[in-house]
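Q: Pasted the sequence and its predicted model underneath.
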Amino acid sequence: MIEDLLQSNPGWANFGIFFLLGAVLLLVVLGFVTYGILAERKVMGYMQLRHGPNQVGGRWGLLQTVADVLKLLLKEDIIPKLADRPLFILAPVIAFAPSFMVLATIPFTDKFQFADIGIGLLYYIAVSGLTTIGVVAGGWASNNKYALLGGMRAAAQMISYEIPLVMSVLGIILLSGSLNLNDIVEAQKHGWYILLQPVAFIIFMIASVAELNRTPFDLPEAENELVAGYHVEYSGFRWAFFMLAEYVYLFAMSALITVIFLGGWLPPLSILGFIPGAVWFSLKFTLVLFIYIWFRVAFPRFRADKLMEFGWKVLLPIALANIFLTALIKTLFFS
Amino acid sequence: MLRTEEMLLNVGPQHPSTHGVFRLVIKIDGEIIKEAKPVIGYLHRGTEKLAENLQYTQIIPYTDRLDYLSAMTNNYVLCHAVETMMGTQIPERAEYLRVLAMELGRVASHLVWWGTFLLDIGAVSPFLYAFREREMIINMLNELSGARLTFNYMRVGGVKWDAPEGWIEKVRDFVPYMREQLEGYHYLVSGNEIFINRVKGVGRYTKEDALNYSLSGVNLRSTGVKWDLRKDEPYSIYNRFNFDVPVHDGGDAWARYQLRLAEIEESLKIIEQAVEQFPAEGEILAKVPKIIKAPKGEAFVRIESPRGEIGCYIASDGKKEPYRLKFRRPSFYNLQILPKLLKGENIANLIAILGAIDIVLGEVDG
């Protein structure tokens, strides 16, 4: 359907349909963020001998996040006197917008995808890099020393880890011969890339945690050192936007890993094909999400200089070696 | 060429990782600390001055509030000083209760340190695990003294309350449980590469530095000096127990981490033996006058608290109040080396270094 729309002549009706679809996706994502946060708090709670939210919305705390968001909406909007006002207001938007944009290319099932573009993977990585600008701008505009340190750390970290992230997926691109996410999923019919490219998977997983600013790579907002890092001066809904960006990225990154490493909507065995692709997708997606939450519970935080060392001296060479090996094997045995 | 300038950063007193109201003014170049100036005194209550107008028994609650993570040792050091001056003989049962209370307190204190140190390093879960075990100790001490944190348990000549029925059994059961949990701690944290990277070689100082700065406790033992007052100047009944003094010659945060966990094990040994030897019955308070008057003169005693040597000096002119009371508060002394350690370090190390010293602000500020 979307394919047809893309091919047809531009017009208001066309725009309306796309706008509506976009709005629906936004609602789905917001729904995910709401319950993703709840799931994280619940899982973390049970891992840490707590119950997690259990008051608002029944014993599962189903309305806890809704209540939290409402509270954030009602909070006073504080802008520091000496802050760079326009930049301060703009930064959360810059941080959030790309996180939502990247979702367009993710194929949730073989039919449900918004933009089936040829360079889907490249688009994802390129657009997601924009968020760094929002984070640095937020840290800079706050006119707060802790925020500045957090923003600088965020910039250094995100740039350093984007490189191994890209390098690790190159092996997959070599194997599938395409940057299109649909083609990548189709290419996994006979074996998921997590099995064919285990090294790439590990590097991608580590680099993605760093990209998501989550423990053990949560240095930009290291609570115990930098108080809250780049968003220390933000409150109310502006702060919520940063958080929203973070969780939408969590959603996007889990979806991306599902697509490029775990075979997307494909069933693990072809006999199980009668179960719809959406179910498989969400199962794998949840698993990846769970691993991210698990990381957060289990690990302490990296130190800034070790983080850089690890990114440049460990991850990058391994990723490069992986590309070399993949190319070698492909030319020797499969060409 | 870019113009760079140093930035003055105020860490604390409301910073989440200064463990209370400690303030540190640091000059940073990028993330490298050029100079650090600690500012203390936000929690100063003038305990020593207040004590000059209080009877000895009335001072005991004030000692609870110095090092509030290990109030039992503070209780003890004051009582011990007065008892030394009066030459009081302490009943057996009271001695055992004191040792049990102090060693349980030591375990609880090291547990809090373990949890909060890892919290500073960025791992949230260990904090909650440590507090689960600590809660059990606190509950036991609560049954003993009626308070969870500020026990006010010891008196000159003994202790205030006898152990309730079944308490000793509870302590006995706790020892194997705690040992099992300790293994879990090591499994979860001690082998973690990220964690080792954060602490190994961080905040290193030499034996000479440690002695020159008058460090004590784990901070001293981490440089290879085997000095534990429980062994070297046995007070109370510590000479009856068989335990080791763990030492490490790393001199860094990693050494201090290992030592504190090892000390929990040693304390468990002492608790185990004390429970075994615990007299079935007996007095818990020696025959002391209603109003305690330390004889004219002065005394200084020192014991091993979880943080180091805590000392108590009393000068008495024979009245019911001390003429002058002075505590040697180990956190205060241990903190003095901080500016030296911080120079040239990364900001992220600041937290690890400060955390590894293990200060309690109530004690630093007195």
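A: That came in fine, so what should we check first?

Q: Now the residue of chain B at minimum distance from chain A: closest residue in space that isn't a chain neighbour?
A: The nearest approach of chain B to chain A comes at B:G122, 2.6 Å away (Cβ to the nearest Cβ). Placement of C-beta: from N, CA and C, glycine included. Excluding the flanking residues, the one nearest B:G122 by Cβ to Cβ, 6 or more residues apart in numbering or on different chains is A:R301, at 2.6 Å.

Q: beta partners of B:S305?
A: Counting by DSSP bridges, B:S305 is bridged to B:G308.

Q: Hmm, B:A71 and it touching each other?
A: No. With contact defined as Cβ atoms under 8 Å, B:S305 does not reach B:A71; the gap is 10.1 Å.

Q: Read off the pLDDT value for the residue of chain B closest to chain A.
A: We have a pLDDT of 80 for B:G122.

Q: Count residues in the vicinity of it, would you?
A: A count of nearby residues for B:G122, using other Cβ atoms under 10 Å in any protein chain shown, gives 25.

Q: try the one 5 residues further on
A: Burial of B:F127, expressed as a neighbour count using other Cβ under 10 Å, amounts to 18.

Q: what helix or strand is it on?
A: If you go by DSSP states H and E, B:F127 is part of helix B:125-145.

Q: can you list contacts of whichever helix or strand comes after that helix?
A: Downstream of helix B:125-145, the first helix or strand assigned by DSSP H and E is strand B:154-155. Under the criterion Cβ atoms under 8 Å, 6 or more residues apart in numbering or on different chains, residues B:T57, B:I60, B:M72, B:N75, B:Y76, B:C79, B:R98, B:A101, B:K160, B:L285, B:V288 lie in contact with strand B:154-155.

Q: can you check stretch B:272-292 too?
A: Residues contacting stretch B:272-292 (Cβ under 8 Å, 6+ apart): B:55-57, B:82, B:86, B:88-94, B:96-97, B:99-100, B:103, B:155-162, B:168, B:171-172, B:175, B:240-243, B:320.

Q: ok, now stretch A:257-269?
A: Taking Cβ under 8 Å, 6+ apart as the rule, stretch A:257-269 contacts A:106-110, A:121, A:169, A:172, A:181, A:184-185, A:188-189, A:192-194, A:197, A:200-201, A:204-205, A:208, A:273, A:275, A:277-278, A:280-281, A:284-285, A:287-288.

Q: And the residue in the stretch 51-200 of chain A that chain B sits nearest to, how far from A:F274?
A: Closest approach between the stretch 51-200 of chain A and chain B, counting by Cβ to the nearest Cβ: A:K145, at 5.3 Å. Separation of A:K145 from A:F274 (Cβ to Cβ, to the nearest Å) stands at 59 Å.

Q: So which of those two has more stuff around it?
A: Between A:K145 and A:F274, counted using other Cβ under 10 Å, A:K145 has the larger neighbour count: 16 against 6.

Q: Show me what from chain B comes close to chain A.
A: Contact residues, chain B versus chain A (Cβ under 8 Å from any Cβ of the partner chain): B:7, B:9, B:15-17, B:31, B:118-125, B:128-129, B:132, B:188-189, B:192, B:194-195, B:197-198, B:346-351.

Q: Can you tell me which of these are buried?
A: B:9, B:15, B:17, B:31, B:118-125, B:128-129, B:188-189, B:192, B:194-195, B:197-198, B:346-351 (16 or more other Cβ atoms under 10 Å in any protein chain shown).

Q: coming back round to it: in the helix holding B:F127, which residues are buried?
A: B:125-131, B:133-134, B:136-138, B:140-141, B:144-145.

Q: next one: stretch B:263-282
A: Counting neighbours by 16+ other Cβ under 10 Å, stretch B:263-282 gives B:263-264, B:266-275, B:278 as buried.

Q: low-confidence ranges in the stretch 101-250 of chain A?
A: The model of the stretch 101-250 of chain A has pLDDT under 70 over residues A:112, A:220-226.

Q: in it, which spans are helices?
A: Listed in chain order, the helices of the stretch 101-250 of chain A (DSSP state H, counting those that start in this stretch) span A:120-128, A:131-141, A:145-176, A:181-186, A:193-196, A:198-211, A:223-226, A:236-261.

Q: can you tell which of those helices is closest to A:Q64?
A: helix A:236-261 (14.3 Å; Cβ to Cβ).

Q: Next, the buried residues of that closest one.
A: Buried, per 16+ other Cβ under 10 Å, within helix A:236-261: A:238-261.

Q: and the angle for that helix with helix A:145-176?
A: Angle between the axes of helix A:236-261 and helix A:145-176 is 20 degrees (criterion: axes from the mean of the first three to the mean of the last three Cα atoms, to 10 degrees).

Q: can you give me how far helix A:236-261 is from the chain middle?
A: Distance of helix A:236-261 from the chain centroid (Cα atoms, centre = their mean, to the nearest Å) equals 4 Å.

Q: so where do the strands sit in chain B?
A: Under the criterion DSSP state E, chain B contains strands at B:7-11, B:23-29, B:32-39, B:154-155, B:158-159, B:297-305, B:308-316, B:324-328.

Q: could I get the ones you listed as TSV with mean pLDDT and distance to A:P317?
A: Output for the strands of chain B, formatted as TSV (pLDDT from 0 to 100; distance: least, Cβ to Cβ, whole Å):
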stretch	mean pLDDT	distance to A:P317
strand B:7-11	82	34
strand B:23-29	86	30
strand B:32-39	87	27
strand B:154-155	88	61
strand B:158-159	88	63
strand B:297-305	90	49
strand B:308-316	91	45
strand B:324-328	90	53
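
Q: Kindly present the ones you listed as a markdown table, with separate columns for distance to A:L27.
A: Shown next, in a markdown table, are the strands of chain B (distance: least, Cβ to Cβ, whole Å):
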| stretch | distance to A:L27 |
| --- | --- |
| strand B:7-11 | 43 |
| strand B:23-29 | 45 |
| strand B:32-39 | 47 |
| strand B:154-155 | 64 |
| strand B:158-159 | 65 |
| strand B:297-305 | 58 |
| strand B:308-316 | 59 |
| strand B:324-328 | 63 |
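
Q: Report the rounded mean pLDDT for stretch A:77-92.
A: Stretch A:77-92 comes out at a mean pLDDT of 85.

Q: Touching it from outside, list them.
A: A:134-135, A:137-138, A:140-144, A:233-239, A:241-242, A:245.

Q: rewinding a little: among the contacts of strand B:154-155, which ones are in helices?
A: With helices defined by DSSP state H, the entries of the contacts of strand B:154-155 inside them are B:T57, B:I60, B:M72, B:N75, B:Y76, B:C79, B:R98, B:A101.

Q: can I assume the last one is in contact with B:M72?
A: Yes. B:A101 lies in contact with B:M72 (Cβ under 8 Å); the separation is 4.6 Å.

Q: Pull up the overlap in contacts between these two.
A: With Cβ under 8 Å, 6+ apart as the test, B:A101 and B:M72 both reach B:L141, B:F151, B:Y153, B:M154.

Q: quick one: contacts for the closest residue to the third one other than its chain neighbours?
A: Distances taken as Cβ to Cβ, 6+ apart put B:S145 closest to B:Y153, at 3.9 Å, once the chain neighbours are dropped. Listed by Cβ under 8 Å, 6+ apart, the contact set of B:S145 reads B:A101, B:F151, B:N152, B:Y153, B:K160, B:W161.

Q: and the fifth one, how many neighbours does it have?
A: Think B:K160. Neighbours of B:K160 (other Cβ under 10 Å): 19.

Q: Check the gap between it and A:L175 for me.
A: 75 Å.

Q: Kindly report the same for B:D249.
A: Applying Cβ to Cβ to B:D249 and A:L175 gives a distance of 52 Å.
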